[in-house]
Each structure stands twice: as structure tokens, then as C-alpha cells.
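# Could you work out the structure for the sequence below:
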Amino acid sequence: MFTGIVEEIGTVERIQKGRHSAVLTIRASVVLENTKLGDSIAVNGICLTVTELSGGRFMADVMHETLNRSSLAQLSSGSHVNLERAMPADGRFGGHIVAGHVDGVGTVLRMERDDTAVWYTIGAKPEVMRYIVEKGSVTVDGVSLTVAQVAAEHFAVSVIPHTQQQTVLQERAVGSLVNLETDIIGKYVEKLLQPAPEQKNKSGITKEFLYENGF
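Now for the predicted structure:
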């Protein structure tokens, strides 16, 4: 589990592309402290497993599903990425619950400066927007942010200077693709509110019963 508080910006040194997968080599420093093989590191919000460590860099495999559902396929040698280690049990919960499992890709539609902050308006598909609520949390390229405005096909977040300077959001522009992960709590609530197939109509009340009895 992650919190969406980016620890450092790493640099992609190499991408070995297979037919349906890729291997990333990323140069970093902070996130490599006490990191071991098999540990998890979020790369632009995507949970990846460390497969190799050597001299200020780590390697991670990226599967077909991840490439299809995220913006990692657009990375190239020299690209900068947000990095965060999985949260330790005794760590501080600075952001919100982030699984590192991206729900989809959004597109930056507008960027507007408001005094010291910058507003990002991001468009997303309906299956992502349904879980985005005003004043709720959303992860954008691995950064935990508060949703300030919501419309049918887009939402807006206000990014303070510190967050922009410490993350790759400073490199985003209109038209940029960003990884989005919505708040996992909303997904669990939705699932639990849906009755299991074996429980449906267990009470014997059906649409026909209600109609026959004047409802």
C-alpha cells in the first residue's frame, strides 16, 4: 500500500520492450534506501516489483495489462517518473489509501495559475469519473490530491507549488496523459451494496409482486 506522497523523481535509464511487456531500469536514490529485491515501488502511481538492484538504479517488469491501462507505454529513456516506496507499518499516513493499481488514463485539458497554485483540469472516461467525488481523493501520476471540482467528463485539482516542484506534474502540459487511481473505499462500498446472486429476491419480493399489490 502507498499513500500518494512522492518521495523523489527518478529517471528512466533504459526500457527493454518485449512483444507484450517491458523491463524498466530507473535511476534513483531515496527510494533505494533499505530496499530489497521483491519490494514494491510506485512508478507514476503504478505498483511495480523490484527485480534487480545495482549502483543507484533498480529494474522492474511491466506486464501487458499495465501497459494497456496506464501511460507507462509512453515512457522513453530520460523520462522522469514519480517514485514512492510502499508505506511501512510505522510510517506516517500523509496522503490517502493508494493501491498502486491504476484505473485508467486521463488527459490534461486545462492548466490555469491561481495565485501560487495551479489548477489542473483532467478529462477521464465514465468508468473512472463515477468514483471521483468533490472533496474526495484521487491519485494523479502517483500524487495524492484532493478533488476540488467535478463535472460529467472531467474533474479539477489545485496543486500547490511544493507538490508541483517535487513531482513530475511540473512537466505536464495540456494534452499530457496521466495515470489515475480513484479512492478504493468507494469501490468497496459499491460492491458491498450490490447483493450477491444467491441473495437476490431472497425475500420473495419481486417487481411483479409489488405491481400486483398496488406499488
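# Spatially central residue in this protein, please.
residue 181 (3.4 Å; CA atoms, centre = their mean).
# gap between residue 79 and residue 188?
33 Å (CB to CB, to the nearest Å). For every residue, glycine as well, the C-beta is placed using N, CA and C.
# now residue 124
From residue 124 to residue 188 the distance is 20 Å (CB to CB).
# Are we agreed that residue 191 is in a strand?
No: going by DSSP: H, G, I helix; E, B strand; the rest coil, the assignment for residue 191 is helix, not a strand.
# State the number of residues packed around it.
8 (other CB atoms under 10 Å).
# What does the pLDDT read for it?
As predicted, residue 191 sits at a pLDDT of 86.
# show me where the protein has strands.
Secondary structure of the chain (DSSP state E): strands located at 8-17, 22-27, 40-43, 46-53, 57-62, 80-85, 104-114, 117-123, 137-140, 143-150, 154-159, 177-182.
# Now do the fourth one: which elements does it pack against?
So that's strand 46-53. Where contact means 3 or more CB pairs under 8 Å, 6 or more residues apart in numbering; DSSP states H and E, strand 46-53 is packed against strand 40-43, strand 57-62.
# Quick one, which of those gets closest to residue 207.
strand 40-43 (46.0 Å; CB to CB).
# elements contacting that closest one?
Counting by 3+ CB pairs under 8 Å, 6+ apart, strand 40-43 packs on strand 46-53, strand 57-62, strand 80-85.
# how far is that strand from where the chain is centred?
11 Å (CA atoms, centre = their mean, to the nearest Å).
# What pairs with it, parallel or antiparallel?
strand 46-53 (antiparallel), strand 80-85 (antiparallel) (DSSP bridges).
# Run through who's touching it.
2, 10, 24, 26, 31, 35, 47-50, 58, 60, 72, 81-86, 98, 100, 142 (CB atoms under 8 Å, 6 or more residues apart in numbering).
# re the thing from before, and of the helices and strands packed on strand 46-53, who's closest to residue 161?
strand 40-43 (22.5 Å).
# What separation do you get for residue 3 and residue 185?
14 Å.
# what about the two, which has more around it?
residue 3 (19 against 13).
# what residues are up against that one?
Taking CB under 8 Å, 6+ apart, one finds 84, 87, 91, 93, 94, 95, 96, 97, 98, 144 in contact with residue 3.
# Relative to residue 214, which of those residues is nearest.
Nearest member of the contacts of residue 3 to residue 214, counting by CB to CB, is residue 97, at 46.1 Å.
# Now do the closest one, the pLDDT please.
Model confidence at residue 97 (pLDDT) stands at 91.
# Need the per-residue pLDDT for the closest residue to it other than its chain neighbours.
Nearest non-adjacent residue to residue 97, counting by CB to CB, 6 or more residues apart in numbering: residue 184, 5.7 Å away. pLDDT for residue 184: 91.
# now do residue 196
68.
# and if you look at residue 80?
At residue 80, pLDDT is 98.
# just residue 35 next, same as before
Value listed for residue 35 in the pLDDT field: 95.
# burial count for it?
Neighbours of residue 35 using other CB under 10 Å come to 17.
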